[in-house]
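> Need the 3D shape of this:
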Amino acid sequence: MSAPAPEPTYTIPASYRRMENLHIVFWLLKDVSWCMVWKPLGMAMVVPTLCIALVIAWRTRHLASELAHNLAIVLWITANSYWMTSEFFGFDTVQFGHGITGKHLSLLPFVAGLVVLAYYYLVQKPRETAAGQVATL
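Model (predicted):
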């Protein structure tokens, strides 16, 4: 009986890891600014936070799992940034009809992120698993 094949390892270059770590710093600065109602800093942090999230998603596009999760993060940051903006500029409570407020519109990218992950887990990952099982038989 042969030993099981080792599980594949996912590694990233150190420069990518440094960018991810910087991304966390920007994200935290954005959210702390939101919490403290520091509008200029909060709004300024949206750009690098979202841009780095997009770069990370682009760099992982060849790995379906990483891409799905990184796209969900892009959509989460988008929703989070919109929500912050709506509160900063006072349209979070503005009624757009049927009880929907400016803040509720942030649900669109939040739900889009959930759809991306649902597609990955319900469609893509089962296909990958099935393909892997066929290849090992």
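> mean confidence for the longest helix anywhere in the chain?
Secondary structure of the chain per DSSP state H: the longest helix is helix 64-88. Model confidence over helix 64-88, given as mean pLDDT, is 97.
> and it, what does it pack onto?
In terms of contacts (3 or more CB pairs under 8 Å, 6 or more residues apart in numbering; DSSP states H and E), helix 64-88 is packed against helix 14-36, helix 39-59, helix 107-119, helix 125-136. Every C-beta, even on glycine, is put in place using the N, C-alpha and C of the backbone.
> Tell me the spacing between the nearest residue to residue 30 once chain neighbours are set aside and residue 34.
Using CB to CB, 6 or more residues apart in numbering and skipping residues adjacent in sequence, the residue nearest residue 30 is residue 45, 3.6 Å away. Separation of residue 45 from residue 34 (CB to CB, to the nearest Å): 9 Å.
> ok, for the most centrally placed residue in the chain, nearest residue in space, not its chain neighbours?
By CA atoms, centre = their mean, the mean C-alpha position of the chain lies nearest to residue 73, the distance being 0.4 Å. Excluding the flanking residues, the one nearest residue 73 by CB to CB, 6+ apart is residue 53, at 5.5 Å.
> Pull the contacting residues for the one you found.
23, 70, 73, 74, 77 (CB atoms under 8 Å, 6 or more residues apart in numbering).
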